[in-house]
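In: just a sequence and a predicted model for now, questions to come.
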Amino acid sequence: KTLSNMKICLVSSSFYPAHIYGGPIDATWHLSNKLADKNFKIYVSTTNANGKSRLDVKTNSFISYQPNFFVKYYHEQIINYFSFSFIKGIWNDIHNSDLVYIQYLFHYTVFFSLIFSLIKRKKILICPRGSFSDYTLNNSNKFFKSIWINFFVKFFSSSIKWHACSDLEKNDILKNIPNANVLVVNDGIDFNSFQKFEQLNALKILNLYTNKQLEKCSSLFLSLGRLHKIKCYDNLISSFKLYTEKDSDAKLVIAGGDDGHKHDLLNLIKYLDLENSVFLIGHVNHKDRNILLNNCNYFVLPSEFESFGLVVAEAMSCGKPILVSNKTSWHHLEKNNCGILVDNSELGLYKGLINIQKAKFNKNIIKTYVKTNYDWSVIVDIFIKKIN
């Protein structure tokens, strides 16, 4: 078959509109649509998991989102842990495909789809999305992860191609599987979707999203991401306490759904007496994300690890200077005059908050850089070329 007629079975434990899981949901959604536009046949096999709840979608049969793009949401009896219908149905989904494209690594959907793909002798591409990072391998179920990689994945590594979302992730894969065949293709952004927005001043933004009538805001810092320990928002909040001692009118907004860490962060905000300076506003949709990104002054991402970090590219598409942890994949931002890298610590982030205000950034340079390198119109062609 020609590439444009290729039938791809994309297997993912979760899928659009399960936004609780963050950037990978948007990335797989947009990539699927763009591939379908280019006449690839995309059949997604996923579940109806959405954090601790389930998506309100039709289950166990394919739904057509556009010509060439279909999604089957298998019903999970135990959310995030078991779906009888997935185990029963994925065999045929794989049988009817030319390429099996698997997301993540440590999930039962990966276990069954990988085994069935090997039995069927299908072409296999796995996007581990951070599964090989030191953080992931050393936190929770370490023994299981080691067994899975060393006694199964490595054994069949010659039959698997790997899709890394960054050079950082490529290095993590090769560190664990030295003979791995790794393709590097970044996630992408829809640049144009961030160019039309409602212009609001910082106080209007704060009053709209925090339900508080605040009177002063010298600078508005924004961070986007699920409230999980890996995002290190505790470090950012602690550093912001130091920063407000120099600039008491600065504000920090953190937008993201709770992934087990919200209670601790709220307690920290209260303990540091930052209830009128730091705000957790929950998950926001694309429209609100667009408004927030275009109307903030700076974007901050303090993560301990990001295989890519889609929100950084989204913030750059709005021309925002980026303050980002050096544990992420965005090490090239400084040399391209798009932001500042800092140590992921209270002191490192505090220094970054001060320095990013002193630095001079050109909004148009930032936008041009991200559009040229990360717009989906560019990324999809790279992906197609690399899977050939």
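Out: That came through, no problem.

In: where are the low-confidence patches of the stretch 251-388 of the chain?
Out: Filtered on pLDDT under 70, the stretch 251-388 of the chain yields no residues whatsoever.

In: let's see it at 90
Out: 259-260, 286, 304-309, 327-329, 331, 388 (pLDDT under 90).

In: okay, now the unreliable bits of the stretch 51-200 of the chain?
Out: In the stretch 51-200 of the chain, residues with pLDDT under 90: 51-52, 135, 139-140, 151, 198.

In: tell me where it has strands.
Out: 53-54, 63-66, 69-74, 99-103, 123-127, 160-164, 181-184 (DSSP state E, counting those that start in this stretch).

In: and Asp93, which of those is closest to it?
Out: Comparison of the strands of the stretch 51-200 of the chain against Asp93 by CB to CB identifies strand 69-74 as nearest, at 7.1 Å. The C-beta positions use only the backbone N, C-alpha and C, and glycine is treated the same way.

In: need the residues that contact the closest one.
Out: The contact list for strand 69-74, computed with CB atoms under 8 Å, 6 or more residues apart in numbering, reads 15-16, 32-33, 35-36, 42-48, 55, 57-65, 83, 85-86, 89-90, 93.

In: mind checking the end-to-end distance for stretch 252-271?
Out: Stretch 252-271 has an end-to-end distance of 16 Å (CA to CA, to the nearest Å).

In: so how far is it off the chain centroid?
Out: 19 Å (CA atoms, centre = their mean, to the nearest Å).

In: thinking again about what came up before, of the contacts of strand 69-74, buried ones?
Out: 15-16, 32-33, 35-36, 42-48, 55, 57, 59, 65, 83, 85-86, 89-90, 93 (16 or more other CB atoms under 10 Å).

In: sorry, back to before: what about the contacts of strand 69-74, which are in helices?
Out: Ser32, Asn33, Leu35, Ala36, Ser85, Phe86, Gly89, Ile90, Asp93 (DSSP state H).

In: so can I have TSV of these showing distance to His283?
Out: Output for those, formatted as TSV (distance: CB to CB, whole Å):
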residue	distance to His283
Ser32	21
Asn33	22
Leu35	27
Ala36	26
Ser85	27
Phe86	25
Gly89	30
Ile90	29
Asp93	30
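
In: any idea which of those is closest to Ile281?
Out: Asn33 (28.0 Å).

In: so what's the closest residue to that closest one other than its chain neighbours bridging to?
Out: Nearest residue to Asn33, sequence neighbours excluded (CB to CB, 6 or more residues apart in numbering): Phe69, at 6.3 Å. When bridges are called by DSSP bridges, Phe69 pairs up with Ile42, Gln66.

In: which residues in the stretch 251-388 of the chain form helices?
Out: Along the stretch 251-388 of the chain, counting by DSSP state H, counting those that start in this stretch, helices occupy 262-271, 286-295, 310-317, 346-358, 363-374, 376-387.

In: reformat the ones you listed as TSV; add distance to Val184 and mean neighbour count.
Out: As requested, the helices of the stretch 251-388 of the chain are exported to TSV (distance: least, CB to CB, whole Å; neighbours: other CB atoms under 10 Å):
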stretch	distance to Val184	mean neighbour count
helix 262-271	33	15
helix 286-295	26	19
helix 310-317	15	27
helix 346-358	27	18
helix 363-374	13	16
helix 376-387	8	16
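
In: between these, which one is nearest to Ile119?
Out: helix 376-387 (21.6 Å).

In: and the angle from the closest one to helix 363-374?
Out: Interaxial angle, helix 376-387 versus helix 363-374 (axes from the mean of the first three to the mean of the last three CA atoms, to 10 degrees): 30 degrees.

In: helix 376-387 packs against which elements?
Out: Here helix 376-387 touches helix 23-37, strand 181-184, going by 3 or more CB pairs under 8 Å, 6 or more residues apart in numbering; DSSP states H and E.

In: between the ones you listed, which gets nearest to Ile281?
Out: When those are ranked by proximity to Ile281 (CB to CB), helix 23-37 comes first, at 17.8 Å.

In: now the closest one, how far from the centre of its chain.
Out: 12 Å.

In: okay, it in CSV with CA atoms only?
Out: Provided in CSV are the C-alpha atoms of helix 23-37 (Å, rounded to 0.1, in the frame of the first residue of the first chain):
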residue,chain,number,x,y,z
GLY,A,23,-1.2,17.8,26.3
PRO,A,24,-1.0,14.3,24.8
ILE,A,25,-4.7,14.3,24.3
ASP,A,26,-4.5,17.4,22.1
ALA,A,27,-1.4,16.1,20.3
THR,A,28,-3.0,12.7,19.3
TRP,A,29,-6.2,14.4,18.3
HIS,A,30,-4.6,16.9,16.0
LEU,A,31,-2.2,14.4,14.5
SER,A,32,-5.0,12.0,13.8
ASN,A,33,-7.0,14.8,12.0
LYS,A,34,-4.0,16.0,10.0
LEU,A,35,-3.2,12.4,8.9
ALA,A,36,-6.8,11.8,7.9
ASP,A,37,-6.7,15.1,5.8
